[in-house]
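*Asks:* Requesting a structural model of the entry that follows:
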Amino acid sequence: MVEKAMVVGLESGQEARPIAVLVQIASKYESTVYIISGNKKVNAKSIMGMMGIGIISGESVTVVTEGSDEAEAAEEIAKYLQA
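*Replies:* Take a look at the predicted model:
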């Protein structure tokens with residue numbers, strides 16, 4: 001399992017397009033991928049879940065990945081969220 005804490009740098013925050021891209025990135029990997037924000041833990045491969053979590057630019061989140069390609073998944077998602 002890989003856990004990466006970071007500050008969200010996405011300019012658009014919770015708008016649909018950046019969240020859809022995040023879901024597409026997470027869905028490329030076999031590993032399970034979760035985003036933790038406060039007391040919410042959401043499957044990053046779920047568009048509805050990600051829209052509901054309400055992450056915004058400047059917020060601290062943790063990406064948790066587990067599986068055969070967990071390191072790659074965590075790295076790419078972290079790069080995207082911090083962009």
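
*Asks:* which residue sits closest to I53, ignoring its sequence neighbours?
*Replies:* V42 (4.6 Å; C-beta to C-beta, 6 or more residues apart in numbering). C-beta: built from backbone N, CA, C; applies to glycine.

*Asks:* C-alpha coordinates for whatever helix or strand the one you found lives in, PDB please?
*Replies:* Taking DSSP states H and E as the definition, one finds V42 inside strand 40-43. C-alpha atoms of strand 40-43 as PDB (Å, rounded to 0.1, in the frame of the first residue of the first chain):
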ATOM      1  CA  LYS A  40     -14.200  11.200   3.800                       C
ATOM      2  CA  LYS A  41     -12.600   8.300   1.900                       C
ATOM      3  CA  VAL A  42     -13.800   7.900  -1.800                       C
ATOM      4  CA  ASN A  43     -13.000   5.500  -4.600                       C
END
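
*Asks:* For it, which helices and strands make contact with it?
*Replies:* Packing partners of strand 40-43 (3 or more C-beta pairs under 8 Å, 6 or more residues apart in numbering; DSSP states H and E): strand 32-37, helix 47-53.

*Asks:* Would you mind finding the most buried of those?
*Replies:* Neighbour counts (mean count of other C-beta atoms under 10 Å) averaged over each of those peak at strand 32-37, with a mean of 20.

*Asks:* For the residue most central in space within the chain, name its beta-bridge partners.
*Replies:* Closest to where the C-alpha atoms of the chain average out (C-alpha atoms, centre = their mean) is I35, at 4.8 Å. Beta-bridge pairing of I35 under DSSP bridges involves V42, V63.

*Asks:* Surely it and M50 touch.
*Replies:* Yes: in this structure, I35 is within contact of M50 by C-beta atoms under 8 Å, at 7.0 Å.

*Asks:* tell me, what's touching these two both at once?
*Replies:* Common contact partners of I35 and M50 (C-beta atoms under 8 Å, 6 or more residues apart in numbering): 42, 44.

*Asks:* got the contact list for the residue sitting furthest away from the middle of the chain?
*Replies:* No residue in the chain sits farther from the centre than S68, which is 17.6 Å out by C-alpha atoms, centre = their mean. Taking C-beta under 8 Å, 6+ apart, we find S68 in contact with 30-31.

*Asks:* same question, V8
*Replies:* 55-61, 81-82.
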